[in-house]
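Enquirer: Here's a sequence, model it:
(chains A and B)
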Amino acid sequence: MNTPASFANWKIFWKRWGVLTVISVITLALIAYYYSKTPQITEAVLASTLRQSVPLVLGALCGLLGERAAVINIGIEGQMLLAAFLAFLVNVYTGNLLLGVLAGIAVGALLGLLLAFMSVTLKIDQIIGGTVINILAIGLTGYFYKVGLSAHGKLNPIPLGPLAKIPLIGPVFFNNPPITYATILLVFLVHYVLFYTPWGLRTRAVGEHPRAADTLGINVYLVRYVNVVVGGALAGLAGAYLSLEAVGSFERLMTNGRGFVALAVMIFGKWTPLGAWGAALLFGFATAMQTQLQFGGQLHIPHQFIGMLPYLLTIIVLAGFVGRARPPAADGIPYEKEG
Amino acid sequence: MSENQTFALEVRDIVKRFPGVLANDHVNFNLRKGEVHALLGENGAGKTTLMNIIYGLYHPDEGEIFVNGRKVTIDSPHDAIRLGIGMVHQHFMLVPVFTVAENLILGAEPTKGLSLDLKAARQAVVDLSQRYALEVEPDAIIEDLPVGVQQRVEILKALYREAKVLVLDEPTAVLTPQEVEELFVIMRQLTERGVSIIFITHKLKEVLTIADRITVMRRGRVVGTVRPQEVDEAKLAAMMVGREVVLQVEKSPAEPGEPVLQVRDLVVEDERHLIAVDHVNLEVRRGEVVGVAGVQGNGQTELAEALTGLRPIREGQMLLGGKAVPPRNPRYLIEHGMAHIPEDRQKHGLVLSYTIADNLVLCTYYKPPFARGLQRNQAAIVENAEKLVQQFDVRTPSIFTTAGSLSGGNQQKVIVAREFSRPVDLLIANQPTRGLDVGSIEYIHKRIVQMRDQGAGVLLISAELDEIMSLADRIAVMFRGKIVATVKAEEVNREQLGLLMAGSPASEVLGQPQPAA
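Expert: Residues are numbered from 1 along each chain as shown, chains lettered A, B, ... in the order given. Predicted structure coming up:
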């Protein structure tokens, strides 16, 4: 390659990845600096960041699978909540953690099916469809929850042999409970499916220009159903994470708005899995810092203000970045076949 | 059929009913191998319905379809594609954010293992574009491409699926004259390679240029099939509308009076804050039609929006009736005698979900007799609507029908009725006949000339050269935001205008230096 061409390539690279590169370098430098000063705290905060990001990134994957196929899902919160509850209940009555997780996934998928039925087949306004799911989940969990039930154990970290012994990286990445590992794999899997497989190409086409997809013999309704149901399963997994991996119990309204933050994460990540993961890590970091600051006790700020951190970040991100991101063109619009 | 010749495609006795309409009434149509068969008819004549049946988007109520002499049923586009039928829709079916290669393979993707094989997709674009001499760049993003190139991608999409029958639905509606010529060359190349083409249109000139046979439809029925040698434009038009149409607009020489619109050094920005209108000077006098010619996207849209108060003016001056107008104030303009036929009738001309009656008072609803204090005067609104619907010949079941359910021609008539029923000093008409059928075009042209003869000034912006040539008394040519020449209509011909629109210097084209405006 001659010089001007490689120079041009460099420019294109810089334009696309420049901001990301700068952020990464600064982040790594900061991590190295703090690790050299307070290794334990740095490790703890980073590990917590990763785990806090799990329900957000799973929720965001759920949201973006739907929206890439033009179905807006604001019922992620409800899907997570009901899944967390059922995962917990199944564990309580069977004593089996795996069955609990599977139950959570199934509930999420089932609620996805309900949303798909409402928004694809019945063509109900998708915001209303999602709200129905949220209210349903709050109502059902509130009604059936009994104080005093306790789970049989919770999903514990599995250190990955020698990898877990690497300083800093080991404790952060290779000493995690199963759903956290699964989430990291799922980010890359969804990214691969969405951008490197025929199914992904069709999904994106359905989200951008459903009529074009239809004229090429693609079943628009089927694509939407599958994506929303699979997305629901991921939200269900996030629910199971909350009750069986993060806490080991169920509490009323334990999702605490994570399903909505997940939507912010999805938008901040520009409807891409990798972007969403980056955004989720940022939010996870805010939550981890909040915990750290509250219990660290050096700062004399009322804890309510520190508790606002992740939500404040949501508002800033949505206000500052939404304008620049472009959602799928047909997002939220039910598809009517002709004739 | 005991003929030796089998048709590439044949339909027999196709019937398709929609609620209240017989869209196809025992239609018979056949396509020989390697021919261009034009399907001609006004909007709503049933052409597109027939093609959607052939492409599996609609199901016929009665009738049979034969492909290569074999009877087939086509239940979905999938079936049509399998039978070698490809369709280029009037509104392109391309995903704007995808590349050419991605659009080409969508729905029939080559794979390597589980993954998309984008390399094979690119190669397919290159191979096809070489074989059919259709040049496109495989990695270009669709939304960055000019319309003509997008259309080529649509054609390639059909060829990639090995289409032997290609349906082109109103392919020239969106093209510049030069692009139309290129398309015709492409169509000839395709037929030489054994592809048969159905060419749907309502443009008579084009049909006579390119078609081997012409089938004319009217009100869901086939009127007849003719060869271009046997007919001329007038005859075809008569077949289309069922009566003789005056294709040439009858108008007396203009008698221009005092200026009603004066524009001085107007500068307007587009959405991206780039200069779209670049120091334009323009004058429209009472009793004349000034046509603004130009290939779309050279600032005409922004000019019209600025003049009608919809877009801020960055620099320059605009005088209406000799008085400076306040910035961005459409209501002031409306109240001071400006009428506007907007470019996009569905977005800016009408509220589609409102009734015809309500749409007809959009500019005047707040004034008596349509308002009584804070209340609407329903009786006056209804009376007004009934009068205008009759006077402007809007074909509708009721004045309470929503504007969105009318055909394009009738929607435009509603706009014209609303705008012309006020006292008008200046009419700004932007693409007033785009996508309309011959009957409606003729009607709207007549009304515009009438407006002029009543002493209004008319600024006509149009991408149709024929429209500009037949209506305008003076013609201003716009190129890259500038008015590059202003000429009297009778002193210029089509070729010269075409060259000016393409950016050739006025001094070269017209032979002498032109005074600006």
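Enquirer: which element is residue A:108 on?
Expert: Here residue A:108 sits within helix A:97-116, counting by DSSP states H and E.
Enquirer: Quick one: distance of that helix to the chain centre.
Expert: 16 Å (Cα atoms, centre = their mean, to the nearest Å).
Enquirer: Likewise for stretch B:292-301?
Expert: That offset, for stretch B:292-301, works out to 14 Å (Cα atoms, centre = their mean).
Enquirer: other SSEs contacting the helix holding residue A:108?
Expert: helix A:39-68, helix A:76-94, helix A:126-144, helix A:220-240 (3 or more Cβ pairs under 8 Å, 6 or more residues apart in numbering or on different chains; DSSP states H and E). In short, each C-beta sits where N, CA and C put it, glycine included.
Enquirer: Identify all contacting residues around stretch B:225-244.
Expert: Stretch B:225-244 is contacted from outside by B:40-42, B:45, B:202, B:204-205, B:207-208, B:211-216, B:218, B:223-224, B:245, B:247, B:437-439, using Cβ atoms under 8 Å, 6 or more residues apart in numbering or on different chains.
Enquirer: Give me the neighbour count for residue 132.
Expert: Just going to use chain A. 17 (other Cβ atoms under 10 Å in any protein chain shown).
Enquirer: The chain in question should be chain B.
Expert: The burial count for residue B:132: 18, using other Cβ under 10 Å.
Enquirer: Same question for the one 4 residues further on.
Expert: A total of 20 residues lie near residue B:136 under the criterion other Cβ under 10 Å.
Enquirer: So it: helix, strand or coil?
Expert: Per DSSP: H, G, I helix; E, B strand; the rest coil, the secondary structure class of residue B:136 is coil.
Enquirer: Would you agree it is in contact with residue B:156?
Expert: Yes: at 6.7 Å, residue B:136 counts as touching residue B:156 under the criterion of Cβ atoms under 8 Å.
Enquirer: Is there proximity between stretch B:24-42 and chain A?
Expert: No: Stretch B:24-42 stays clear of chain A (Cβ under 8 Å from any Cβ of the partner chain), getting no nearer than 12.0 Å.
Enquirer: Let's see the pLDDT reported for the residue lying farthest from the centre of chain B.
Expert: No residue in chain B sits farther from the centre than residue B:113, which is 44.6 Å out by Cα atoms, centre = their mean. Note on residue B:113: pLDDT of 89.
Enquirer: same thing with residue B:331?
Expert: We have a pLDDT of 93 for residue B:331.
Enquirer: what do you get for the one 3 residues further on?
Expert: In this prediction, residue B:334 carries a pLDDT score of 93.
Enquirer: What residues does chain A have near chain B?
Expert: Checking chain A against chain B by Cβ under 8 Å from any Cβ, the hits are A:192, A:196-198, A:200-202, A:204-205, A:208-209, A:211-218, A:329, A:338-339.
Enquirer: List buried residues within those residues.
Expert: Neighbour counting with 16 or more other Cβ atoms under 10 Å in any protein chain shown marks A:197-198, A:200-202, A:204-205, A:208-209, A:211-218 as buried within those.
Enquirer: Could you list the low-pLDDT ranges of chain B?
Expert: Within chain B, the stretches falling below the threshold (pLDDT under 70) are B:1-5, B:19-20, B:43-44, B:242-247, B:435, B:512-517.
Enquirer: The residue lying closest to residue A:173 once chain neighbours are set aside and chain B, how far apart?
Expert: Nearest residue to residue A:173 in three dimensions, chain neighbours excluded: residue A:50, at 7.2 Å (Cβ to Cβ, 6 or more residues apart in numbering or on different chains). Residue A:50 sits 28 Å away from chain B, going by Cβ to the nearest Cβ, to the nearest Å.
Enquirer: who touches both of residue B:136 and residue B:156?
Expert: Taking Cβ under 8 Å, 6+ apart as the contact rule, residue B:136 and residue B:156 both touch B:100, B:125, B:129.
Enquirer: Right, and chain B sits closest to which residue of the stretch 51-200 of chain A?
Expert: Nearest residue of the stretch 51-200 of chain A to chain B (Cβ to the nearest Cβ) works out as residue A:198 at 3.9 Å.
Enquirer: show me the contacts for residue A:237.
Expert: A:58, A:83, A:101, A:104-105, A:108, A:179, A:182-183.
Enquirer: If anything else comes up later, I'll come back, but that's it for now.
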